[in-house]
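In: Based on what follows, work out the 3D shape:
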Amino acid sequence: MRITTRGRYALRATLALARLSMDGSPVSISRLSEKEQISSVFLEQIFFKLRKAGIVESIRGPGGGFRMAKPLDQITAKEVLDAAGEGLMLSPCGNIKKSCSHMNDCISFAIWAEATELVNNFFSSMTLASIIQKYVKQFESDSASCND
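Out: Just a heads-up that it's a prediction; the model follows:
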């Protein structure tokens, strides 16, 4: 499995948006671009896909931007990666939907399929709320100790 830059940036930018828009106010692409050091053109492409998937919504006009379309505990990391066009397939052999001439007599197929299911379940179990709750305090304390 290889998550592309688009997938990594989609998750990173979505988590940044979630943190910056806790009060429900929209956040501009330029602010996200500056905060995360991601090209605004690339972020626009990513957020188009996220909006289409119902993860974020756009607010037009002065003071507009993007905000989360649903509560953070209802959006999983897998949904964000799926919306960005990332597949969480470890190997072509793990794709149960595709047929393979060796599928019925290949032991490795079962291993890849099971591993792919585990990875998908892992990302499906992580909501944006749980990620923020779990990791934000850790990174804040790590940053504070680096400044000592």
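
In: does residue 28 really touch residue 65, like I thought?
Out: Yes - at 4.0 Å, residue 28 counts as touching residue 65 under the criterion of C-beta atoms under 8 Å. For every residue, glycine as well, the C-beta is placed using N, CA and C.

In: If you count surrounding residues, which of the two has more?
Out: Ranked by neighbour count (other C-beta atoms under 10 Å), residue 28 and residue 65 place residue 65 first, with 21 against 15.

In: remind me which residues of this protein are low pLDDT?
Out: Residues of the chain meeting the criterion pLDDT under 70: 1, 92-104, 137-148.

In: Just the strands from this structure, written as ranges.
Out: Applying DSSP state E to the chain gives strands spanning 56-59, 65-68.

In: In CSV, list these along with distance to residue 126.
Out: Shown next, in CSV, are these (distance: least, C-beta to C-beta, whole Å):
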stretch, distance to residue 126
strand 56-59, 18
strand 65-68, 16
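
In: Let me know which of those strands is the nearest to residue 22.
Out: Set against residue 22 and scored by C-beta to C-beta, these come closest in strand 65-68, at 9.3 Å.

In: on contacts alone, who are the packing partners of that closest one?
Out: Contact analysis of strand 65-68 by 3 or more C-beta pairs under 8 Å, 6 or more residues apart in numbering; DSSP states H and E lists helix 5-20, helix 29-36, strand 56-59 as its packing neighbours.

In: for the ones you listed, which one ends up most surrounded?
Out: helix 5-20 (a mean of 20; mean count of other C-beta atoms under 10 Å).

In: Which residue ranges of this structure form helices?
Out: 5-20, 29-36, 40-52, 77-83, 107-125, 128-146 (DSSP state H).

In: for those helices, which one sits closest to residue 69?
Out: Among these, the nearest to residue 69 by C-beta to C-beta is helix 40-52 (7.8 Å).

In: List the neighbours of that closest one that are in contact with it.
Out: For helix 40-52, contacts defined as C-beta atoms under 8 Å, 6 or more residues apart in numbering pick out 6, 9-10, 13-14, 29-30, 32-33, 36, 56-58, 66, 69, 80, 83-85.

In: That helix to helix 5-20, inter-axis angle?
Out: Orientation of helix 40-52 against helix 5-20 (axes from the mean of the first three to the mean of the last three C-alpha atoms, to 10 degrees) gives an angle of 80 degrees.
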